[in-house]
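Asker: what's the 3D shape of this:
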Amino acid sequence: MGWQQKVDVRFRYLGAASSVVFLCGICWFIGRTLIRFIYEGRSVEILNALISGQSEHPLEAYYAAFDHMALLACLFIAAPVVLVLLFRGVAPAAVRQGTTARFREFTALVRRNWQLIYFAAASLFIAFSLGMAVGAFQYFPYKTLAEAGDAAQDWAENWRHNLRIRPEQYLKPSRYEGQGVVLHDAQKASEGVTFLTSLFDGKLGMRLVDMKGSEIHKWQVPFQDIWPDESKRPHDWDSEIHGAILYPNGDVVFNIEHKALVRIDRCSNLLWQNKNLDPHHSVHEDKEGNLWVPGRRWRNESLDKLPYILSPFLEEYILKFSPDGELLKKISIIDVIFGSKYEAVMFADRDFKLEHTGREITHINDIEVLDQSMADAFEYFDTGDILVSMRDLNLLAVIDPESEKIKWSMTGPHLRQHDPDFLASGRISIFDNRQPHDDGKVYSRILELDPVTQNVLVLYEGDDENPFLSVIMGKQQRLHNENILITEAIGGRAFEVTAEGEIVWSFINRWDSERVIVISEAIRYPVSYALFAGERCQ
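Answerer: Predicted coordinates for the structure are as follows:
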């Protein structure tokens, strides 16, 4: 065979390989087109959307699954064909002859065992396809496998916690020196007693301390009375007090996060409990003694009135309880948002779908009711209006409790904020958590905003010398002398600052030389709130 013929043969092989690649591309394009037609129906709008490249969830999941299947087909079918064709067209004759002998031996082996090889390849292909379908469309047993994966990851990260060696989920790296009250300027600090919720001596509970940090009184959570069935009783280390208020007689109302709203007396005896709708994050008492608490529940069904929210999702509520723990009212925050035509805050991305499968949408972390004594200071608001913080939307909203409509809102500059409070000045204070950048030069802030002008003042901000930062949780309380008591939850610290930003009181909840224990909340009460401590418990 002359060199011209050899070139012609090699070009034919190369052309065949190119044709295989081209046909694969055509099949891939046709497949994606058919998927779109099947999913959305044949129409001119679909053709236009296909040409323009627009797409929506969950169609992208179908595309992703198809692309993976196409890639798998190429690896098992097209790629070997292309390689063989390229090899025949490009490799020298001597190499091809030596390789051909070995290839014949290999093909003979394949022919003798083709049924076993075909079965193994088919099994792998089916297993891979089923795995792709389960992952892409969350078919059974996706939930079981996901939970098993989460559990395995949790054990890998928190095995000491799960074996009750050390409460890892409560421990954070220490940023500050000392233990207990490490700073107290008696001339500038606001006098009173400080109520703390955290883990103390390895037990979940609450402490009341004086300005020097000496313990005045302590409470423990009566788990055995709240959950008499031991098989359902959570451990201290797997629970969290998130939101609490102290009464002058020593009673305490508090949330066991996502488990129960509880009231105990000064001796930690259970007075009542309510496990409705997973109470969490905060407890606010209005002037009538009613309790306002965030709640939530899983919605596993799609809602006709909310077609853009795909199930399952966590629906959150504003809950109102009587002083005796009876649920008086619940307001769906999703209904409030859609009823107020505020759904734009939930669909800020390019897709007009909301697929928050497996997690919450709003994350309410604080509720406060406007008292009559402050109402005149607020131009836009009335007595009884409800201030709500929604962390995942970076949103503050004031809601009319009668119409259940939003009458005012503000998104940013706060980021993942907590604990907004009405102030007597007609302004609103906020714990602005913020999130650290790669250079770590971002710190949490305490803000004050004017709801009329939306002008924002920074009252206090961490810095390199005082690295105040809590990316989650956090509380702030305006004291009677205009100082601010700040709960730096992740820093294991509660501290008080003046209007000039000077730290005048600081408390550290230390675990050991390298770690601190998360403080969920610190509240300053008048000294009169400690009078009950002189009474003995039976």
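Asker: where in the stretch 201-350 of the chain is pLDDT low?
Answerer: Along the stretch 201-350 of the chain, the parts satisfying pLDDT under 70 run over 305, 348-350.
Asker: what segments of it are helices?
Answerer: 223-226, 333-339 (DSSP state H, counting those that start in this stretch).
Asker: check the gap between residue 247 and residue 232 for me.
Answerer: Distance, residue 247 to residue 232, using Cβ to Cβ, to the nearest Å: 29 Å. Yep, even glycine has a C-beta here, placed from its N, CA and C like the rest.
Asker: with residue 472 instead?
Answerer: 27 Å.
Asker: among those two, which residue is more densely surrounded?
Answerer: Neighbours per residue (other Cβ atoms under 10 Å) separate residue 472 from residue 232, with residue 472 holding more: 13 against 8.
Asker: ok, now how distant is the more buried one from residue 392?
Answerer: Distance from residue 472 to residue 392, by Cβ to Cβ: 12 Å.
Asker: give me the common contacts of the two.
Answerer: residue 416 (Cβ atoms under 8 Å, 6 or more residues apart in numbering).
Asker: list the contacts for residue 380?
Answerer: 398, 407, 408, 451, 452.
Asker: now do the SS call for the last one.
Answerer: Reduced to three states with DSSP: H, G, I helix; E, B strand; the rest coil, the structure at residue 452 is coil.
Asker: what do you get for residue 521?
Answerer: Under three-state DSSP, residue 521 comes out as strand.
Asker: and the helices in the protein, which stretches?
Answerer: 3-40, 44-52, 59-73, 79-90, 93-112, 114-137, 142-162, 223-226, 333-339, 372-375 (DSSP state H).
Asker: name whatever forms a beta bridge with residue 386.
Answerer: Note on residue 386: beta-bridge partners by DSSP bridges are residue 369, residue 399.
Asker: does it really touch residue 290, like I thought?
Answerer: No - at 12.0 Å, residue 386 does not count as touching residue 290 under the criterion of Cβ atoms under 8 Å.
Asker: higher neighbour count, those two?
Answerer: A count of neighbours by other Cβ under 10 Å puts residue 386 above the other of residue 386 and residue 290, at 24 against 16.
Asker: which ones are touching that one?
Answerer: Applying Cβ under 8 Å, 6+ apart, the residues contacting residue 386 are 292, 318, 367, 368, 369, 370, 398, 399, 401.
Asker: if I look at it, how far off is residue 331?
Answerer: From residue 386 over to residue 331 (counting by Cβ to Cβ), the distance is 8 Å.
Asker: which residues do these two both contact?
Answerer: In contact with both residue 386 and residue 331: 318, 399, 401, using Cβ under 8 Å, 6+ apart.
Asker: pretty sure the first one contacts residue 328?
Answerer: It stands for residue 318. No - with contact defined as Cβ under 8 Å, residue 318 does not count as touching residue 328 (11.4 Å).
Asker: care to break the chain down by domain?
Answerer: Per the record, the chain has its domains at 3-139, 174-534, by automatic domain parsing.
Asker: and among those domains, the most buried is which?
Answerer: Ranked by average neighbour count under the criterion mean count of other Cβ atoms under 10 Å, the domains of the chain are headed by domain 174-534 at a mean of 18.
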